[in-house]
Each structure stands twice: as structure tokens, then as C-alpha cells.
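let me see the structure of the following:
(one chain, ligands or ions: 1)
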Amino acid sequence: MSASHPPGVSPFKSDILKGQVALVTGGGSGIGFEISCQLGLHGAAVAITGRRQPVLDSAVEAFCSEGINAIGIQGDVRKNQDCERWVEETCAKLGGLDILVNCAAGNFLASAEEISVNGFRTVMEIDTIGTFAMSRAAFPAMRQRGGGRVVNISATLHYGATWWQAHASAAKAAVDSLTRSLALEWGAFGVCVNGIAPGPTGGTAGLSKLAGVDASEDDVNALVASTVPLGKVGSKWDIAIAAVFLCSSAARHLTGDTLVVDGAAWMWREPA
Ligand code: HXC
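The predicted model follows:
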């Protein structure tokens with residue numbers, strides 16, 4: 001069956017997020033870049049954050065060349081003051097805040113025996129505490145606007161268990177729990193909180209670094225695709241367009257859920 005919209009071509013109108021302001025942590029590269037771009041191409045003004053100024057600068061330049069109103073704000077999601085400053089600057093420069101995408105993440109492959117306590121803490125601080133700190137910083141601005149959307153980028157590592165990912169699995173399990181807790185508490189203020197759990201996604205650090213094999217990108221993709229029921233590795237666009245959906249009015253009654261966007265990879269098994 002052929003899709004009515006080819007990959008990369010949005011099925012949504014280009015103005016569905018018009019007038020909205022989005023803040024995307026980790027928006028300068030990888031999945032965060034593509035989410036920022038797609039939110040912008042659907043009408044949102046976008047603030048992106050990250051640790052590396054040159055990465056932010058080149059992302060903002062790329063977004064502006066697409067006609068997107070974008071700014072980059074440097075900082076570290078592990079610093080609570082940076083989270084609060086990002087929200088303040090976004091509101092001051094772009095006029096408010098409607099959408100927060102928590103995409104900043106840290107990860108590496110290591111056995112539980114090899115991960116130092118500080119390494120475990122580092123990933124928890126970026127993924128879990130960073131998601132909480134940013135959500136907490138953003139909530140007053142959303143409440144003031146009468147509502148908003150929070151999208152937490154998660155993973156499927158913790159559905160069951162994943163080798164050499166004890167730290168990231170624990171961090172993302174806690175993120176999913178936060179998605180539900182915040183949805184429960186913030187629903188009354190019109191703030192919907194959802195997650196997206198990407199599976200193997202082409203062109204990301206998650207795939208190239210974490211696949212754990214020394215091979216070309218094409219070979220890694222082919223290897224991973226053979227373990228995906230839909231028969232292919234997902235693209236950054238697949239994740240980004242799910243984020244657009246979650247931020248659109250089509251998802252207005254959807255909160256506390258984590259959408260798995262992985263071609264059913266997490267449930268793949270060898271045929272019996
Ligand atoms: C073991 C490691 C390590 C490694 C860091 N550490 N890298 N331990 N193996 N490869 C340990 C360090 O030894 C140190 O502990 C502690 O973590 C902090 O490391 P620093 O380098 O001082 O911290 P920092 O520079 O802040 O960066 C840490 C990091 C980094 C965020 C983890 O690796 C990074 O920037 N990664 C890029 C982001 C990334 O990969 N994103 C993709 C996420 S994909 P000690 O004890 O020595 O002090 C994702 C989805 C998963 O999350 C999907 C999987 C398929």
C-alpha cells in the first residue's frame with residue numbers, strides 16, 4: 001500500500017501552529033533539529049537550546065533560510081538557572097511560550113559494571129532532571145496563556161531491558177512517569193503532556209554510536225531494519241511529524257501518553 005503523503009511531505013497544512021511559540025531543548029542537532037524545523041515549517045516561532053553555540057548558530061541560520069522565525073539560546077539543561085533563563089528569553093523575544101519539547105539527552109554504551117556512578121548520574125541529570133526542570137520552568141508561562149503542550153522525547157529501551165543501557169533506560173522510564181504525573185496535575189490548566197518514544201532512527205547519534213557495531217551507516221541501517229516489523233529504520237522526519245501532531249489541535253484530548261514511533265521495533269522477535 002502506498003502512503004498518500006510520501007515520506008518528508010507533511011500531511012498537515014503549513015499554518016496549523018501559526019502564532020505558537022515553541023522551545024526545543026537539544027534543538028540544534030539530531031532529532032531535536034528536525035522537530036524544531038517541522039514545528040517552524042508548520043507556523044511556530046522556535047527557540048532552540050543547547051551547549052554548543054556554533055551548532056545553535058548554524059541551525060538557526062538553516063531555519064531562517066526556510067522562513068522560520070528562530071532563535072538559539074546557549075546553556076546546559078543540567079543548570080536550573082539556564083532552564084529558567086531560556087524560558088524568560090523565549091517569552092521576551094518571541095512573545096510567550098506554548099510548546100516545550102524536551103529533547104536534550106546524553107547517552108553512551110556501557111555495561112552496568114563499567115558505568116561510574118557519576119556517569120549514571122550525568123545521564124539522569126540531563127534526561128530526567130533536565131526534563132523536570134524545563135517543564136517546571138515552562139509551566140507558569142503556559143498557564144498564563146491558558147494552556148500549552150509539553151512533548152518529552154523518550155525511548156523504548158526500558159520496555160523490558162536493553163543491554164548496556166542501564167543508565168538511559170532508568171532515565172527514560174522516569175521521563176515516562178513524569179509525562180503521566182505532569183499530565184495529571186496540569187490538565188486542569190489546559191497543558192497537555194505527552195511523550196514520543198523513537199525507535200532506531202536513521203542519521204542520529206543514537207543509531208551510529210549506540211548500534212554498537214563498526215560499520216557504514218548503510219550497513220547499520222540494513223542490519224537494524226531487519227529487526228523492525230515495518231522493515232525499515234525510521235527517519236528523523238517520522239519523529240518530528242509525530243511531534244507536530246501532538247502539538248496540533250488534532251491532539252487536543254490526548255495527554256499523559258507516550259507515542260511509540262518505531263515501526264514496532266521494540267516488540268520484534270525471531271520467528272518461532
Ligand atoms: C562510560 C562515560 C562515557 C562512556 C561519559 N561517561 N561517556 N562512561 N562510557 N562512553 C561518564 C564519564 O566517565 C563521567 O563519569 C561522566 O559520564 C560524565 O562525563 P563527562 O564527559 O564529564 O560529561 P559531559 O561532557 O557532560 O558528557 C557526557 C555525555 C556525553 C552527555 C554522556 O557522552 C555526550 O555529550 N553525549 C552526546 C549526546 C548523545 O549521545 N546523545 C544521544 C542520545 S540518544 P566519571 O565517573 O568518569 O566522572 C538517546 C536515545 C537512546 O538518548 C536510543 C538508543 C538506541
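
per-residue confidence at Glu217?
Per-residue confidence (pLDDT) for Glu217: 84.

go ahead and confirm it touches Pro200.
No - the pair formed by Glu217 and Pro200 falls short of the contact definition of Cβ atoms under 8 Å, at 12.0 Å. Placement of C-beta: from N, CA and C, glycine included.

which of these two has more neighbours?
Set side by side, Glu217 and Pro200 show more neighbours around Pro200, with 24 against 13, by other Cβ atoms under 10 Å.

contact partners for the more buried one?
Residues near Pro200 by Cβ atoms under 8 Å, 6 or more residues apart in numbering: Gly206, Leu207, Ala211, Val224, Val228, Val233, Gly234, Asp262, Ala265.

could you pull up phi and psi at the fourth one?
Meaning Val224. Dihedral angles phi and psi of Val224 (degrees, to the nearest 10) take the values phi -70, psi -40.

same question for the last one.
According to degrees, to the nearest 10, the main-chain angles of Ala265 amount to phi -60, psi -40.

that one contacts Gly231, correct?
No - the pair Ala265 and Gly231 does not pass the contact test of Cβ under 8 Å, sitting 10.5 Å apart.

settle it for me: which of those two has more neighbours?
Under the neighbour definition other Cβ under 10 Å, Ala265 and Gly231 were set side by side, and Ala265 has more, 21 against 9.

check the more buried one and give its pLDDT.
Among the per-residue scores, Ala265 holds a pLDDT of 97.

so which residue of the stretch 101-250 of the chain comes closest to the ligand?
Using Cβ to the nearest ligand atom, the point where the stretch 101-250 of the chain gets nearest to the ligand is Gly106, with a distance of 2.6 Å.

look up phi and psi at that residue.
Note on Gly106: its backbone torsions stand at phi -130, psi 150 [degrees, to the nearest 10].

what about Ile144, which SS state?
Not quite, residue 144 is Gln, not Ile. Per DSSP: H, G, I helix; E, B strand; the rest coil, the secondary structure class of Gln144 is helix.

check contacts around it.
Contact analysis of Gln144 by Cβ under 8 Å, 6+ apart lists Gly96.

for Gly27, which non-adjacent residue is closest in space?
Ranked by Cβ to Cβ, 6 or more residues apart in numbering and with sequence neighbours excluded, the top spatial neighbour of Gly27 is Ile48, at 2.9 Å.

am I right that that neighbour falls within a strand?
Yes - membership of Ile48 in a strand is supported by three-state DSSP.

ok, it - contacts?
Residues in contact with Ile48 (Cβ under 8 Å, 6+ apart) are 23-24, 27-28, 32-33, 36, 56, 59-60, 63, 70-73.

those in helices, which ones?
Among the contacts of Ile48, the subset assigned to helices under DSSP state H consists of Gly32, Phe33, Ser36, Leu56, Ala59, Val60, Phe63.

neighbour-wise, give me the winner out of those residues.
Counting neighbours by other Cβ under 10 Å, Ser36 leads the ones in helices among the contacts of Ile48 with 32 neighbours.
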